[in-house]
Every structure is written in structure tokens, then in C-alpha cells.
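> fold the following and give me the result.
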Amino acid sequence: MFSTADEFPGKLIPFSQVPSLDWIPARRNGTRLSIQTVYRWHFTGLKGADSSNHKLQAVKAGGTLATTESWLRAFFVVLSRTPDQQITTSDQHERAEARLEAVGL
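The predicted structure is shown next:
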């Protein structure tokens, strides 16, 4: 896990602020994403193209669940892949390690 705040991949964003991120698209009916949806992504997750369940990564900070833009984007990318684009967990781990190393962590 993380031993210092410097190891997080970006600024922590409380779940309550995720729906107001400017890069999160509006729903089909033009309304904002519901905060309950963000909690569901974390606790229940969604099935990806590979039929496995994927959950939004988060940490508890001051009694509030928070995520990062990097974790949100990674969650969306995994869910967007077609079955032939799926990569193994070890591949994901190696890519994450390379990204952390590239930024000096």
C-alpha cells in the first residue's frame, strides 16, 4: 500500500466531487453523474468485457472516500477494452511500476 501521500498518483478527489469533474461527461438525459454511482463503482464494481468485476480504486482520507483522476481513468480504460484487448494483471502491474518510476516514485 502507500506509505506517504507523495506515492498517490495525483491529488485525492473526494467522491462527492467526482460528478463535478469537467471531463466526466453528462448522462444521456443531460444530468450529472450521481454520487451514488461513484460509490457503486467502488463497492460493487462493474463487469468488464472479460466478464470480471472491476472496482474503482479509492482510499479513506479523513473519514471520506477519495479517488484520483488517474484511478478514474484507469477504471474507465479497463471497462472500455474489448475481450481481445484485455491484459493480464502482471502486465498492468508492470505498466504501473514503469509509470511510477518515470515520475520518480
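
> show me what the helix or strand in which Leu72 is found is packed against.
Assigned by DSSP states H and E, Leu72 belongs to helix 69-80. With contacts defined as 3 or more CB pairs under 8 Å, 6 or more residues apart in numbering; DSSP states H and E, helix 69-80 has these neighbours: strand 53-54. (Each C-beta comes from the backbone N, C-alpha and C, glycine too.)

> and the contacts of the strand it packs on?
For strand 53-54, the surrounding residues in contact (CB atoms under 8 Å, 6 or more residues apart in numbering) are 45-48, 75, 78-79.

> for it, what is the average pLDDT?
In this model, strand 53-54 carries a mean pLDDT of 86.

> let's have the chain start at 535 instead
Yep, numbering from 535; the last one is strand 587-588 now.

> could you pull up phi and psi at the most far-flung residue of the chain relative to its centre?
Relative to the centre of the chain, and counting by CA atoms, centre = their mean, the farthest-placed residue is Asn563 at 23.8 Å. Here is the backbone geometry of Asn563 (degrees, to the nearest 10): phi -90, psi 10.

> distance of Ala600 from Thr571?
16 Å (CB to CB, to the nearest Å).

> neighbour count winner among the two?
A count of neighbours by other CB atoms under 10 Å puts Ala600 above the other of Ala600 and Thr571, at 19 against 16.

> tell me the confidence at the closest residue to that one other than its chain neighbours?
Leaving aside its sequence neighbours, Ala600 sits nearest to Leu546 (CB to CB, 6 or more residues apart in numbering; 4.1 Å). With respect to pLDDT, Leu546 scores 92.

> Leu546 contacts Val593, doesn't it?
Yes. With contact defined as CB atoms under 8 Å, Leu546 counts as touching Val593 (7.0 Å).

> shared neighbours, these two?
In contact with both Leu546 and Val593: 600-601, using CB under 8 Å, 6+ apart.

> the bottom helix or strand of the chain by mean pLDDT?
helix 623-636 (a mean of 69; mean pLDDT, DSSP states H and E).

> quick one: which helix or strand includes Arg574?
Per DSSP H and E, Arg574 falls inside helix 569-577.

> ok, the closest residue to Arg561 other than its chain neighbours - contacts?
Leaving aside its chain neighbours, Arg561 sits nearest to Leu567 (6.5 Å; criterion: CB to CB, 6+ apart). With contact taken as CB under 8 Å, 6+ apart, Leu567 is in contact with 552-553, 558, 560-561.
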